[in-house]
Each structure stands twice: as structure tokens, then as C-alpha cells.
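Colleague: generate a structure from the sequence data that follows.
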Amino acid sequence: MKPSRWTNVLVGGAVAAATFVVTMLLVNIRERKQEAREAYVRVVALTENTLDPVVWGRDFPREFDSFQRNTEMHATKYGGSVPFSHLDRDPRLKRIFAGYAFELEYNKARGHAWSLIDQDNTRRTRERPQPGSCLQCHSSILPAYRKAGGGDIMKGFEVVSSMPFPEARKLVSHPIGCLECHDPASMQLRVTRPAFLYGIKALKKSQGVENYDPNTMATRQEMRTYVCAQCHVEYYFSGAHKIVTYPWAKGLKVEQIEAYYDEIGFTDWKHGETGAAVLKAQHPEFETYSQGVHARAGVACADCHMPFLRQGAMKVSDHHVRSPLENLDRACLTCHPVPAEEMKARIENIQDRHAALLSRAEDALVALLDQVKAARAAGAPDQALEAALRLQRRAQWRVDFVNAENSMGFHAPQESARILAEAIDYARQGQIAAATAR
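Modeller: As a prediction, this is how the structure comes out:
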């Protein structure tokens with residue numbers, strides 16, 4: 001029996017429809033592959049003087065969409081970006097920082113988008129003289145360095161660092177932006193902060209690597225940590241010109257940095273209650289992270305704080321830099337296949353334990369301060385208190401190393417617990433030394 005005319009028409013139509021669908025699918029696949037290959041389209045010409053992220057956003061709208069969200073503020077149990085006063089939450093810090101600028105004001109940082117305005121408004125810069133050094137990490141400063149140094153960034157870094165803060169502040173107009181981490185010509189990750197370039201070179205030399213240059217010798221995964229480590233580190237201002245210096249010549253561990261400071265005779269200030277020559281840790285995230293399991297596993301800072309996201313066929317880094325607790329699905333659960341509630345509980349359990357240890361360490365340190373004051377009141381001479389004051393320096397350095405590090409122990413739990421255990425031990429030893437001083 002021959003097929004009817006209408007049967008032929010239907011079969012032909014079905015074949016045509018199927019052919020159309022397959023063709024459109026292949027076209028779509030081809031377009032998505034092409035989209036994935038073409039990471040961006042040049043709309044404007046970016047240069048080393050393009051400071052405004054809005055201009056970069058015309059070439060990189062996907063990244064800029066998330067970058068704009070850095071003005072948002074969210075709180076986690078021990079951090080986030082909502083500002084608060086550490087001094088109000090923990091009055092012991094007023095005594096721990098007695099005689100130092102942090103006694104005036106010590107607020108939770110709000111993140112990259114607020115880095116410059118918060119630096120302007122803190123009492124530490126308004127009421128105490130500060131150098132231009134601070135702007136290395138609080139602003140988009142490369143053009144200022146280049147101009148001040150006659151084209152030489154390293155020379156300009158020294159010139160601007162030695163300026164009084166109000167004078168140096170006139171040279172910058174934007175907080176941390178795209179230029180700090182990306183080459184405007186190639187978009188490759190790069191490190192630009194002179195203090196980091198000097199510091200990592202000294203660190204690698206201590207490990208037997210001469211003339212290390214991260215921009216030519218680091219892997220891309222290492223660079224995804226180094227761009228953050230440009231600023232999230234311990235530092236001090238060196239010499240009369242107040243050059244920002246990372247104390248890594250002996251290593252990154254708390255006792256190695258302490259040994260470096262002891263060797264050069266550096267002290268941040270004389271304690272207002274005891275007169276001890278003490279140190280102030282800044283924000284040693286890179287140093288702490290480097291002792292943790294994530295660093296040993298090759299996980300970069302950006303993997304957790306700027307995890308990849310999909311937009312169509314594109315995979316881009318999320319430029320909304322934030323706590324992984326605010327983004328558990330992409331920041332944690334891609335490697336840890338557990339429910340989000342379980343992962344959050346694990347993280348906060350680690351932080352709770354360190355918060356309790358930190359509180360005990362602060363109690364021990366305050367008890368040492370009380371004992372030194374009591375010994376002086378009882379007539380103990382300064383020479384008899386030297387041992388107690390040396391132990392205060394050690395204890396205070398370790399307490400602050402964990403307190404100033406923005407993860408409440410999570411970046412390296414065992415290392416942070418070790419540091420706090422030593423802090424408690426040194427503080428109690430100092431308390432005994434002061435009590436027996438004659």
C-alpha cells in the first residue's frame with residue numbers, strides 16, 4: 001500500500017523540523033564556544049593611568065557587575081564587612097593598646113570599596129601623624145608612585161611613603177581597583193605593590209631561591225594568592241622614610257617574624273601602662289594562611305573569596321570579594337560535598353574555639369599588666385621587671401597576631417591555637433616574673 005500524499009507531507013515536515021532544530025542546536029553550540037573563546041571585547045583603551053573601575057567595566061561588564069557589589073555590607077559571626085568598634089566589643093583592648101593609636105579607635109574594616117574613605121576618617125590618621133606609607137594598600141596608587149619617581153615606581157614608592165599622610169593623600173583619588181591586580185594591556189594577574197615585591201624576594205631568598213620575581217616565576221594559581229598577599233599581611237614602617245616593609249627575611253611564622261624584629265631592634269611603641277617595648281600585628285592573613293591545610297593543598301585565596309561563577313558559556317571570577325560564609329555553595333561546597341548548614345557549623349565551631357582561646361589569652365595578658373603595675377607600686381625597680389616586660393612583648397605579639405588576623409583562626413586552626421597557647425604561657429610566666437620581682 002502506497003503512503004498517502006498527506007503522509008509524505010507530514011514525514012517531510014517532521015524531517016525538516018528535526019533538521020532545523022539540529023541546525024539551530026549546532027549554531028548555538030558554536031556561538032557558545034565562540035563566546036567562551038572571546039573573553040572580552042575592547043570598547044575603551046585601558047592604560048596604566050586608568051584608575052576608575054567604571055572605565056574598566058566597559059570592557060569587562062561581567063566582572064564589573066560583581067565588583068560593584070563590594071559596597072554592600074554583610075556581617076558574619078566574627079567578621080564580614082559591617083563596621084563595628086573592636087574597643088567597644090572588647091574593652092580589654094584599650095589597655096592592651098595603651099599608648100598607641102589603636103587605643104583611640106579600632107574599627108572593623110569594611111572592605112576594598114571603603115578602603116580609602118575609612119582611612120581618611122579614622123581617628124588614627126586625623127589625630128596622630130601618619131606617613132604616606134598607609135596609602136600603598138588603601139588606594140589605587142601606581143600612577144602616583146610613577147609620577148613621584150619620575151617614571152620609577154620603586155623610587156616613587158619611597159618618596160610617597162616619606163610624605164606626611166595629608167600631603168600624600170592629595171595624590172590619590174580612588175580606593176583599591178582593577179589596576180592593582182591586572183595588567184591593563186593583557187589582563188594577566190600581576191603584583192604591583194613594591195613592599196610585596198621586596199618582601200617575597202626576601203622570603204624566597206631565605207628558602208634558597210635568589211632574585212625571585214613573582215610576575216615571571218610564579219604559577220597562575222600562586223598569583224591568585226599573591227595579588228591578595230600584596231596587602232593582607234604583617235608589615236612595619238622602616239627607617240626615617242617610613243618605608244612599608246614586610247618582615248619575611250626569616251620566614252612567615254609568628255616566631256620567625258618576632259626573631260626578625262628582635263634582631264633589628266624594632267618596636268612599634270612603648271606600652272602606656274608598663275613601658276614594655278611591644279609589637280602591633282597588622283593583619284597577617286597571608287602568613288597565617290600559609291601555615292594552613294588549604295595552602296598545603298594548593299587552594300588560593302581567590303578560590304574561596306572570589307570563586308568562579310558561570311555566566312552563559314563564560315566562567316569568570318566573582319569580583320564581589322567577601323567571606324566564604326556568605327557564599328558557601330561556590331566557595332566551599334565545590335570541594336566539600338556536605339550540606340551548607342553542616343559546612344557553616346564546621347567553620348563557626350573552629351572560630352568559636354579560637355574566640356574562647358583568644359579571650360583566655362587576653363585575660364592572661366591583662367593579668368600580667370596588673371601584676372607589673374602592682375610590682376611597681378610595691379617598689380620593684382625597673383631592672384627587676386625586665387624579664388616580665390620581655391615576656392609581655394612575646395605574649396602581646398602572639399595575642400595580637402591572632403586577633404588582628406581576619407579569620408578568627410580558620411585560615412590555620414592548629415597554628416592559631418599553638419600561637420594562643422604560647423601567648424597564655426608567656427603571659428603567665430610574665431605574671432610570675434613580675435610577682436617575684438625584687
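Colleague: can we go C-alpha only for contacts and neighbour counts from here?
Modeller: Will do.
Colleague: could you verify my assumption that residue 122 touches residue 105?
Modeller: Yes - counting by CA atoms under 8 Å, residue 122 does reach residue 105; the two are 7.0 Å apart.
Colleague: show me what the longest helix seen in the chain is packed up against.
Modeller: The longest helix of the chain (DSSP state H) is helix 340-377. Other elements packing on helix 340-377 under the criterion 3 or more CA pairs under 8 Å, 6 or more residues apart in numbering; DSSP states H and E are helix 92-96, helix 328-331, helix 386-403, helix 413-435.
Colleague: the inter-axis angle of the longest one versus helix 340-377?
Modeller: Same thing as helix 413-435. 20 degrees (axes from the mean of the first three to the mean of the last three CA atoms, to 10 degrees).
Colleague: related to what we said a few turns ago, any idea which of the helices and strands packed on helix 340-377 is most buried?
Modeller: helix 386-403 (a mean of 24; mean count of other CA atoms under 10 Å).
Colleague: and the strands in the chain, which stretches?
Modeller: Counting by DSSP state E, the chain has strands at residues 236-238, 243-245, 269-270, 277-278, 308-311, 314-317.
Colleague: other SSEs contacting the fourth one?
Modeller: Using 3+ CA pairs under 8 Å, 6+ apart as the contact criterion, the elements in contact with strand 277-278 are strand 269-270, helix 386-403.
Colleague: returning to what we had before: buried ones in the longest helix of the chain, by neighbour count?
Modeller: 340, 343, 347-348, 350-352, 354-355, 357-362, 364-369, 371-372, 375-376 (16 or more other CA atoms under 10 Å).
Colleague: helix 386-403 and that one, what's the angle between them?
Modeller: 160 degrees.
Colleague: average model confidence for helix 340-377?
Modeller: Averaged across helix 340-377, pLDDT comes to 98.
Colleague: now find how far off-centre that helix is within its chain.
Modeller: 22 Å (CA atoms, centre = their mean, to the nearest Å).
Colleague: for residue 354, give me its contacts.
Modeller: 408-409, 413, 416-417 (CA atoms under 8 Å, 6 or more residues apart in numbering).
Colleague: next: residue 62.
Modeller: Here residue 62 is in contact with 311, 316 (criterion: CA under 8 Å, 6+ apart).
Colleague: tally up the residues packed near the nearest residue to residue 212 once chain neighbours are set aside, please.
Modeller: Leaving out its chain neighbours, the residue that sits closest to residue 212 by CA to CA, 6 or more residues apart in numbering is residue 201, at 5.1 Å. Neighbours of residue 201 under the rule other CA atoms under 10 Å: 20.
Colleague: one more: residue 114?
Modeller: Neighbours around residue 114, by other CA under 10 Å: 19.
Colleague: separation between it and residue 197?
Modeller: As judged by CA to CA, to the nearest Å, residue 114 and residue 197 stand 25 Å apart.
Colleague: next: residue 50.
Modeller: Where residue 197 is concerned, residue 50 sits at a distance of 22 Å (CA to CA).
Colleague: ditto for residue 208
Modeller: On the measure of CA to CA, residue 208 and residue 197 end up 17 Å apart.
Colleague: likewise residue 104?
Modeller: From residue 104 to residue 197 the distance is 32 Å (CA to CA).
Colleague: who has more neighbours out of these two?
Modeller: residue 197 (19 against 16).
Colleague: surely that one touches residue 190?
Modeller: No - using CA under 8 Å, residue 197 is not in contact with residue 190; the gap is 10.7 Å.
Colleague: lovely, talk soon.
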